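Participant: The following block contains a protein sequence and its predicted model.
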Amino acid sequence: MKQNKIKPDTILKNFWRDNHHFADLFNAALFDGEQVLNPADLSEADTDVSSFLKFNGHAETVQKVLDVVKKTAYGIDFVIWGLENQAKIHYAMPLRHMIGDGFSYLKEYQEIAAKNRKDKNFASSDEFLSNMKKTDRLHPMISLCVYYGENPWDGPLCLMDMLEVPEKIKPLVADYKMNLLELRTSGSLQFHNQDVNTVFDISRSIYERDYNKINTVYKDRLIASELGVVIGAITQSQELIDHALELEQKGGQVNMCSALEELKMEGKQEGKKEGLQEGMIAGTIKTCKKFKLDQKAAIKNVMEEFSLSEEDAVNYVKKYW
């Protein structure tokens, strides 16, 4: 099967850019399924919140790009919604979110300040000094981290979890909460969009190795190839991505039961190949030992015969010497 050079992160960004997918995700994760975000009200916003910082004569450019950002209007005001995809546990994620949200506020402040300087419509020296009028307001930034990893999230959920704070001064320390959606524990969320529900349901089942559920629920159901690609991206299965893309090119849909069965068979065959090679490596190492060669010579022999890295060869020699 042809290998497709598509990054899983790009696949997920593209999926969540769809307003219906994006709205359903936030409604399920943050509002218990209540339809607070309306897809029709969402519009694209700039994902680049990089900023130019100046402190006491020192200037520095700081890069920060969010995965997907939407803006929704509430009358004459609006709210910014930011989404960050995360495949691995990140033990500084609340700090990353705080910085991203802070840069978003800073970006809007700089836009307001630039307009005010251009209009020169300040009512006081205080407004002139801050480049903001007393009535100027920033708009709220709400971020959501979607963690797709197979392992349970054991990282911090807020800034306070990252700090070592004496009990006496805890009330004085400003905290920053992170909104986290963990795919593997998302079974209780109320999704209304069928695509989003299917992607999360099948991905969870794959992580839980619950193939019986997939066979029962999806035995006679075909899903769009696009969803197969997204599920492959979430579960980090390049084979599933390639399989779904191949069917998409043929104008077909994906039967998840057949696709997973095919992938399991491929995995068994690959496992047999790996097992055969390891057996041959073990035999070579034992032969080296039998002929009184030292470990250094055995490592060199294994590297050359099986095209292995020195690290892998060393590990095999340690295992079978």
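Facilitator: Happy to help now that I have it.
Participant: what packs against the helix or strand hosting D242?
Facilitator: D242 belongs to helix 238-249 when assigned by DSSP states H and E. With contacts taken as 3 or more CB pairs under 8 Å, 6 or more residues apart in numbering; DSSP states H and E, helix 238-249 sits against helix 225-234, helix 256-290. From N, CA and C alone the C-beta is placed, and that goes for glycine too.
Participant: what about 10 Å?
Facilitator: helix 8-17, helix 225-234, helix 256-290 (3 or more CB pairs under 10 Å, 6 or more residues apart in numbering; DSSP states H and E).
Participant: Which positions within it qualify as buried?
Facilitator: Buried residues in helix 238-249, defined by neighbour count with 16 or more other CB atoms under 10 Å: E239, L240, I241, D242, H243, A244, L245, L247, E248.
Participant: measure the nearest residue to the third one once chain neighbours are set aside to L180 for me?
Facilitator: So that's I241. Leaving aside its sequence neighbours, I241 sits nearest to G232 (CB to CB, 6 or more residues apart in numbering; 3.7 Å). Between G232 and L180 the computed distance is 23 Å (CB to CB, to the nearest Å).
Participant: the more surrounded of those two?
Facilitator: G232 (26 against 19; other CB atoms under 10 Å).
Participant: Now do the contacts for the more buried one.
Facilitator: Each residue near G232 by CB atoms under 10 Å, 6 or more residues apart in numbering is listed here: 6, 8, 11, 203, 206, 238-245, 254, 259, 263.
Participant: and if you look at M132?
Facilitator: Y109, I112, A113, N116, F122, D126, L138.
Participant: From these, list just the buried residues.
Facilitator: Among the contacts of M132, those classed as buried by 16+ other CB under 10 Å are Y109, I112, N116, F122.
Participant: and which of those is nearest V314?
Facilitator: Y109 (55.0 Å; CB to CB).
Participant: Helix or strand: which one has that closest one?
Facilitator: helix 93-119.
Participant: got the buried residues for the helix or strand following that helix?
Facilitator: On the C-terminal side of helix 93-119, the nearest following helix or strand under DSSP H and E is helix 125-130. The neighbour-count criterion (16+ other CB under 10 Å) identifies E127 as the buried residues of helix 125-130.
Participant: Now K71. Nearest residue, chain neighbours left out?
Facilitator: A45 (4.3 Å).
Participant: so where's the longest strand in this protein?
Facilitator: In the chain, with assignment by DSSP state E, the single longest strand is strand 77-86.
Participant: Walk me through which strands that strand pairs with, and which way each runs.
Facilitator: strand 68-74 (antiparallel), strand 141-147 (parallel) (DSSP bridges).
Participant: can these go into a markdown table with extra columns for mean pLDDT and mean neighbour count?
Facilitator: Output for those, formatted as a markdown table (pLDDT from 0 to 100; neighbours: other CB atoms under 10 Å):
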| stretch | mean pLDDT | mean neighbour count |
| --- | --- | --- |
| strand 68-74 | 80 | 19 |
| strand 141-147 | 92 | 21 |
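Participant: which one of those strands lies closest to K319?
Facilitator: Nearest of those (CB to CB): strand 141-147, 34.1 Å.
Participant: Kindly spell out which helices and strands sit in contact with the helix or strand just after the closest one.
Facilitator: Where DSSP H and E defines the elements, the next helix or strand beyond strand 141-147 is strand 180-182. For strand 180-182, the elements it packs on are helix 19-30, strand 77-86, helix 93-119, strand 141-147, judged by 3+ CB pairs under 10 Å, 6+ apart.
Participant: With distance to E311 added, can I get those in CSV?
Facilitator: Output for the helices and strands packed on strand 180-182, formatted as CSV (distance: least, CB to CB, whole Å):
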stretch, distance to E311
helix 19-30, 41
strand 77-86, 28
helix 93-119, 30
strand 141-147, 30
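Participant: mean pLDDT for these: which is lowest?
Facilitator: Ranked by mean pLDDT, those end with strand 77-86 at the bottom, a mean of 81.
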